[in-house]
Structures are given as C-alpha cells and as structure tokens.
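Asker: pasted the sequence and its predicted model underneath.
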Amino acid sequence: QVQLVESGGGLVQAGGSLSLSCAASGNIFSVNTMGWYRQAPGKQRELVAIITSGGSTDYADSVKGRFTISRDNAKNTVFLQMNSLKAEDTAVYYCNGNVRTRAFTRPTDYWGQGTQVTVSS
C-alpha cells in the first residue's frame, strides 16, 4: 500500500504565494515521475507540473515562470512553489506519484487526497 499525503494550500490574495508539499510513504521500491494536477469546479483535471526522478521538469503553459516544482528523492517528497497567484489558479490540487512497489514490476500511479487552493481577486 502506498499513500501520498499533501500539505499546504489555503486562501491567498492575487499576487501572493503558496507552497504545497506531498510525501509518498508505504511499500515503495522506487518513485519515478511525481507531479501536481489541479481541478477547478466544472472543469477536467489538468496537469500543472511534473518532475522526473532525475530532476527534469515540465509545466503547463499557464503556470510557466510562476510555479516551480522540486523534489527530495531521499524523502519521496515533491514540492510546488506557487508565486504570482491568479484567481484562475483556484482549484483542488492533487499530487501524483508513479511508484514501483517491487523491483522488476510495472509502476502504478497513486494520488493524494487533494488540497484546496483559493486565490481571491
């Protein structure tokens, strides 16, 4: 069993900053790509940012230059620093981890429970 537990989030004014973190724990052999997704009311879940175990990153165009994803491989933790927040960033943010629980097996995607980020304009 693998758990992803998020922390951070909350309410912030437009132009402000917030930080999210997500720690993976449980029966983990290795963690491949980790990422953050978000889902606004009435919209589909969308990718925000991803980071490989080697540190390569990719971002949604809407957050490039404002958000920074990073990770601590030793702690199986991924972070999202969000700056210059806009009202349209309001959403539930979900952490994702692509986890292998045993050697030589196919990895599986696991999700956190989600954390609310609300940006007031």
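Answerer: It's in. Numbering: from 1, shown residues only.

Asker: please count neighbours and contacts with C-alpha atoms only from this point.
Answerer: OK.

Asker: do you know the pLDDT at the residue of the chain most remote from its centre?
Answerer: Residue farthest from the centre of the chain, counting by Cα atoms, centre = their mean, is residue 104 at 25.9 Å. Model confidence at residue 104, given as pLDDT, is 92.

Asker: is it in a helix, a strand, or coil?
Answerer: Per DSSP: H, G, I helix; E, B strand; the rest coil, the secondary structure class of residue 104 is coil.

Asker: so who does the spatially most central residue of the chain touch?
Answerer: By Cα atoms, centre = their mean, the chain has its centre lying nearest to residue 36, at 2.5 Å. With contact taken as Cα atoms under 8 Å, 6 or more residues apart in numbering, residue 36 is in contact with 47, 48, 49, 50, 80, 93, 94, 95, 96.

Asker: residue 107 too?
Answerer: Counting by Cα under 8 Å, 6+ apart, residue 107 has contacts 98, 99, 100, 101.

Asker: circling back to that earlier point, from the contacts of residue 36, pick the one nearest residue 10.
Answerer: residue 93 (10.7 Å; Cα to Cα).

Asker: and the closest residue in space to the closest one that isn't next to it in sequence, what element?
Answerer: Spatial nearest neighbour of residue 93, excluding adjacent residues (Cα to Cα, 6 or more residues apart in numbering): residue 38 at 4.2 Å. In this assignment (DSSP states H and E), residue 38 forms part of strand 30-39.

Asker: likewise for residue 98?
Answerer: Residue 98 belongs to strand 91-100, assigned by DSSP H and E.

Asker: buried ones in that strand?
Answerer: Neighbour-count burial for strand 91-100 flags 91, 92, 93, 94, 95, 96, 97, 98, 99, 100 (criterion: 16 or more other Cα atoms under 10 Å).

Asker: state the pLDDT value of residue 110.
Answerer: Residue 110 carries a pLDDT value of 98.

Asker: how much space separates it from residue 61?
Answerer: 24 Å (Cα to Cα, to the nearest Å).

Asker: more neighbours: these two, which one.
Answerer: residue 110 (16 against 9; other Cα atoms under 10 Å).

Asker: circling back to that earlier point, let's have the contacts of residue 107 in TSV, adding pLDDT.
Answerer: Listed next are the contacts of residue 107 as TSV, based on pLDDT from 0 to 100:
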residue	pLDDT
98	97
99	97
100	96
101	95
